[in-house]
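Colleague: would you be able to build a 3D model of this:
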Amino acid sequence: MAIINPLIAQPPKEVSLKKAPLVRVIAQIRFPLITSIENKSFIGGFQEAIRDKYPILQQEQTRSLVFGSQGVTQSEQVTWRFVDAQGNWRLSLSPDFVALETTAYTSRSHFIARLENLLIALNEHIKPKIVQRFGVRYIDRLVGQAVNDISKLVRSEITGIVALDFGEYIHQSINESLFSLPGGEDQIIARWGLIPPNGTFDPDAIEPVDEPSWILDLDMSLSKQRDFDVEELLNEAQRFAERIYTFFRWAVTDEFLQHFGGEP
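Modeller: The predicted model follows:
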């Protein structure tokens, strides 16, 4: 299936990749500050609602930048990490966001089902009234021979300077494009490029590895204040995942799909 414009094209049928290079998928909802979340007793009901899937609880102190009349200041807050027994799924809850992430993605339907369980528990026990931003992010990482064969695996518009004759001398090359989708307020941030050994441009999501790697990082979001509605957020998640996949399929070649165990 030839995709001319990935921002408006009909989403293609999913091709299962037996050796998929997808290293992390994240969904995040931001809402106005709920300071009670820092209190362990306040989140007890929420923990019980998700504890069968995320039995491990970790407390972390995180720092964020606050922009105000006094300039930029640092603020510390508690983030609760709920992790499954295998360490493949993690749910993060802080006073102003909740996030679901996995390093063991199997399918769109399974991820959205997990997200639904989270949103129901959040709605019942934390009760955020407003959503300020919702986003879904898919991160693919190529290593080894795939990095050397990048010009065969992704479109020339994406490979860019890395595919040139002197591409072997490039130590790092990261590109970023922001797309505003037609007919709405959705946006996609697409990042791609070569990262050197032990390098990363987002340590929270892309862990450094000890060899060169090539990243395709697609993040679709809607930044708009609206009521917290579980069904509407699930519809957005489905729409975001489908559009990200359409962009992914536009960016990669049939040889990419075959290389990672798919049948285009």
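Colleague: what sits against Gly45?
Modeller: Residues counted as contacts of Gly45 (CB atoms under 8 Å, 6 or more residues apart in numbering) are 124-125. All C-beta atoms are positioned from the backbone trio N, CA, C, and that covers glycine.
Colleague: quick check: it vs Glu124, distance?
Modeller: With distances taken as CB to CB, to the nearest Å, Gly45 is found 8 Å from Glu124.
Colleague: now do the strands in the stretch 51-200 of the chain.
Modeller: All strands of the stretch 51-200 of the chain, identified by DSSP state E, counting those that start in this stretch, fall at 56-68, 71-83, 89-94, 97-102, 130-143, 173-180, 187-195.
Colleague: skip ahead from the last one and say which helix or strand is next.
Modeller: Put plainly, it is strand 187-195. Next helix or strand after strand 187-195 toward the C-terminus (DSSP states H and E): strand 213-227.
Colleague: only the buried residues of that following strand, if you could.
Modeller: Judged by neighbour count using 16 or more other CB atoms under 10 Å, the buried positions of strand 213-227 are 213-222.
Colleague: also stretch 133-153?
Modeller: Buried residues in stretch 133-153 (16+ other CB under 10 Å): 134-142, 146-147, 150-151, 153.
Colleague: among those residues, which two are most distant?
Modeller: Spanning the widest gap among these are Phe134 and Ser151, at 35.3 Å by CB to CB.
Colleague: would a markdown table of the strands of the stretch 51-200 of the chain with mean pLDDT be doable?
Modeller: What follows is the strands of the stretch 51-200 of the chain, written out as a markdown table (pLDDT from 0 to 100):
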| stretch | mean pLDDT |
| --- | --- |
| strand 56-68 | 76 |
| strand 71-83 | 83 |
| strand 89-94 | 97 |
| strand 97-102 | 98 |
| strand 130-143 | 98 |
| strand 173-180 | 93 |
| strand 187-195 | 95 |
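Colleague: reformat these as JSON lines; add distance to Leu22.
Modeller: Compiled in JSON lines, those are given as follows (distance: least, CB to CB, whole Å):
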{"stretch": "strand 56-68", "distance to Leu22": "23"}
{"stretch": "strand 71-83", "distance to Leu22": "19"}
{"stretch": "strand 89-94", "distance to Leu22": "14"}
{"stretch": "strand 97-102", "distance to Leu22": "10"}
{"stretch": "strand 130-143", "distance to Leu22": "5"}
{"stretch": "strand 173-180", "distance to Leu22": "19"}
{"stretch": "strand 187-195", "distance to Leu22": "14"}
